[in-house]
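Engineer: 3D model of this:
(one chain, ligands or ions: 1)
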Amino acid sequence: VIELEIPTSTRQELVDITGHVAEAVKRSGVKDGACLVFVPHTTAGVLLNEAHDPAVKSDVIGHLEWLVPEEFTWGHGEGNAPAHVMVSLVGNSVTLPVSDGRLRLGTWQGVMLAEFDGPRQRKVWVTVLAAAQP
Ligand code: ZN
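Structural biologist: Residues are numbered from 1 along each chain as shown. All right, here's what the predicted structure looks like:
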């Protein structure tokens with residue numbers, strides 16, 4: 001496992017980590033297989049989406065805020081209950097294809113750490129898996 005340390009700078013944001021993940025894949029030496037990106041936190045997750053237009057990031061965050069409002073009878077007393085629900089919606093891992101020794105994504109796709117209770121220092125665990133040889 002390659003551990004990335006990603007600092008976040010606001011309460012809620014999507015941080016593009018595609019370059020870090022692609023570098024981890026390259027360093028692994030795996031030619032064909034898959035890359036598991038896992039975020040070991042309960043108020044931050046990971047998603048794959050359009051990484052070029054910043055409006056998409058703010059739309060995703062804005063819509064999650066609309067779906068999971070602060071005003072609710074939350075049972076969890078730490079003040080970050082909405083963040084726990086947002087991560088449940090987004091998820092904590094993505095699995096991506098690796099071929100010809102590199103990460104293969106669609107033209108507009110990027111891997112983003114989803115911060116919902118920042119700013120904090122976050123960990124991302126990247127595991128590169130080699131496909132069985134015929
Ligand atoms: Zn909590």
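Engineer: Show me what secondary structure element comes after the helix or strand containing residue 37.
Structural biologist: Here residue 37 sits within strand 33-38, counting by DSSP states H and E. Per DSSP H and E, the first helix or strand lying C-terminal to strand 33-38 is strand 44-50.
Engineer: about what we covered before: summarise which helices and strands the strand holding residue 37 is packed against.
Structural biologist: Under the contact definition 3 or more Cβ pairs under 8 Å, 6 or more residues apart in numbering; DSSP states H and E, strand 33-38 sits against helix 18-28, strand 93-99, strand 121-130. For glycine as for every other residue, the C-beta is placed from the backbone atoms N, C-alpha and C.
Engineer: Rebuild those as TSV, extending it with mean pLDDT, distance to the ion and mean neighbour count.
Structural biologist: As requested, these are exported to TSV (pLDDT from 0 to 100; distance: least, Cβ to the ion, whole Å; neighbours: other Cβ atoms under 10 Å):
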stretch	mean pLDDT	distance to the ion	mean neighbour count
helix 18-28	97	26	17
strand 93-99	98	20	16
strand 121-130	98	15	17
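Engineer: thinking again about what came up before, and the angle from the strand holding residue 37 to strand 93-99?
Structural biologist: With axes from the mean of the first three to the mean of the last three Cα atoms, to 10 degrees applied, the angle from strand 33-38 to strand 93-99 works out at 160 degrees.
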